[in-house]
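# got a predicted structure plus its sequence, pasted below:
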Amino acid sequence: MSGLSITHLSRRFDTVTAVDDVNLEVEPGSFVCLLGPSGCGKTTLLRMIAGLETPSEGSIRFDGQDLTGLPVHRRDIGMVFQSLALFPHLSVGDNIAYPLAIRGVGRADRDRRVEELLDMVRLPGVAGRAITQLSGGQRQRVAIARALAVSPRLFLLDEPLSALDAKLREAMQVELRQLQQRLGITTIVVTHDQREAMTMADRIVVMQAGRIQQAAPPVDVYRRPATPFVADFIGQTNLIEVTLRDGVPHLLGQPCGEHRPGTASVRPEDVIVQPAGTAPIQAEVVFVRDIGSSVELHLTVGAERLVALAPAGLHPAVGDSVAVSVRAEAVTYFPAKLAFGAPA
């Protein structure tokens, strides 16, 4: 099996380019998240894969088959929309059975498949209920079951969890990932939530302004971002103007010499905070945010502003001085020629 292959794919709407020369390979059975801010092109890309939008240029192939000009009903995909698009006048069972019914599957086989799918999404015995009797999480499961009814080769989801409350959303992220692993189905999810992408994906595709900034496993996107945009969008980071001397970024007021300028990304957990006077660089605490699992410190070092995590046993208050340093191995350096938001 060759998986999904997207080559030089673009989509233009009059003068607006929504997707700009995208190239992407998705391995069979993998879980990929298209991640980025609103308007970055991720939903348009998903809709072209589904056949709901026609590419302006480029091609889409799946398992060696050219899907580019193929109508939706011949693409062998299952799709869950952001709105879920369930039929309120049909029962849960009839909603799930709908794609089977329009394919001519007999009633007994449809009923059997519905019960199998309801067990799979942990909703046994609710086939006869009305959609309006279900909670948001239950409706989400029904939409997933309906999309999987015809055993598609490719599973596409567009912001499927965005309407759920935070706790249920996190629980559904885990359930969706576990279900995908059990089925081994190639899955692509659109989201703007980087925590959601980090939780579920084998590979995250970060998009900005219609182009792919980086496509890599979650840990690589977090620890080795390809551009300043990726560093800033994924999690929290400090972007600091630096110079490169002897191949090493020098930052936080350290002497630079006449060497190449650029930008460094430093995660808050990699800024070492100590009592004042224990390291050469001094910072002032300007804001403290206790978020339960950690305490965030907002610091100023000269003209620079940093976010760091307070170490255990150190409880500085606003106005206090602390000493700071940076784990050199955790610094990601971007040369000045790599503009913020420029694709890798």
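On my side now, so go ahead. Numbering: from 1, shown residues only.
# hmm, who's touching the strand or helix carrying residue 78?
Element membership of residue 78, judged by DSSP states H and E, is strand 77-80. Residues from elsewhere that reach strand 77-80, judged by C-beta atoms under 8 Å, 6 or more residues apart in numbering: 49-51, 143-144, 147-150, 152-158, 160. All C-beta spots, glycine's among them, are computed from the backbone N, C-alpha and C.
# alpha carbons only: can I get that strand in PDB?
Output in PDB follows, covering the C-alpha atoms of strand 77-80 (Å, rounded to 0.1, in the frame of the first residue of the first chain):
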ATOM      1  CA  ILE A  77     -13.800   7.800   2.400                       C
ATOM      2  CA  GLY A  78     -15.600   8.400   5.600                       C
ATOM      3  CA  MET A  79     -15.900  12.000   6.800                       C
ATOM      4  CA  VAL A  80     -17.000  13.700  10.000                       C
END
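# make residue 1 into 34 and carry on from there
Sure thing, new numbering starts at 34, so read that last one as strand 110-113.
# and it, what's buried?
Buried residues in strand 110-113, counted by 16 or more other C-beta atoms under 10 Å: 110, 111, 112, 113.
# any idea how far stretch 144-156 is from the chain center?
Its chain's average C-alpha position is 29 Å from that of stretch 144-156, according to C-alpha atoms, centre = their mean, to the nearest Å.
# please apply the same query to stretch 343-358.
How far stretch 343-358 lies from its chain's middle: 33 Å, per C-alpha atoms, centre = their mean.
# and residue 286, what pLDDT?
The predicted structure scores residue 286 at 54 on the pLDDT scale.
# with residue 213 instead?
Taking residue 213 on its own, its pLDDT is 94.
# for it, pull up the helix or strand it's in.
Residue 213 belongs to helix 199-216, assigned by DSSP H and E.
# which helices and strands does the helix or strand following that helix pack with?
On the C-terminal side of helix 199-216, the closest following helix or strand by DSSP H and E is strand 219-224. On a contact count with 3 or more C-beta pairs under 8 Å, 6 or more residues apart in numbering; DSSP states H and E, strand 219-224 meets strand 64-68, helix 75-83, strand 187-191, helix 227-233.
# between strand 219-224 and helix 75-83, how many degrees?
Angle of strand 219-224 versus helix 75-83, following axes from the mean of the first three to the mean of the last three C-alpha atoms, to 10 degrees, is 150 degrees.
# least confident secondary structure element in the chain?
The weakest-scoring helix or strand in the chain, judged by mean pLDDT, DSSP states H and E, is strand 281-283 (a mean of 50).
# partner strands of the next helix or strand after that strand and their direction?
Next along the chain after strand 281-283, taking DSSP H and E as the criterion, comes strand 293-299. Using DSSP bridges, strand 293-299 pairs in its sheet with strand 271-278 (antiparallel), strand 365-368 (antiparallel).
# need the contact list for residue 206.
194, 229, 232, 233.
# which of those scores worst on pLDDT?
residue 194 (87).
# am I right that that residue is in a helix?
No - secondary structure assignment (DSSP: H, G, I helix; E, B strand; the rest coil) places residue 194 in coil, not in a helix.
# hmm, it is touching residue 230, no?
No - in this structure, residue 194 is not within contact of residue 230 by C-beta atoms under 8 Å, at 11.4 Å.
# which neighbours do these two have in common?
Residues touching both residue 194 and residue 230 (C-beta under 8 Å, 6+ apart): residue 224.
# tell me which of these two has more neighbours.
More neighbours surround residue 230 than the other of residue 194 and residue 230, with 26 against 23 (other C-beta atoms under 10 Å).
# grab the nearest non-local neighbour of the more buried one.
In this structure, residue 230 finds its nearest non-sequential neighbour in residue 66, 3.8 Å apart by C-beta to C-beta, 6 or more residues apart in numbering.
# if I pick the one you found, what's in contact with it?
Each residue near residue 66 by C-beta under 8 Å, 6+ apart is listed here: 221, 222, 223, 224, 229, 230, 233, 234, 236, 237, 238.
# try it again with 10 Å
Applying C-beta atoms under 10 Å, 6 or more residues apart in numbering, we find residue 66 in contact with 75, 190, 220-224, 226-227, 229-239, 251, 254.
# using ChimeraX, make a named selection holding only the buried ones among those residues.
Of those, the buried ones go into a single ChimeraX selection, burial set by 16+ other C-beta under 10 Å:
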select :75,190,220,221,222,223,224,227,229,230,231,232,233,234,235,236,237,238,239,251,254
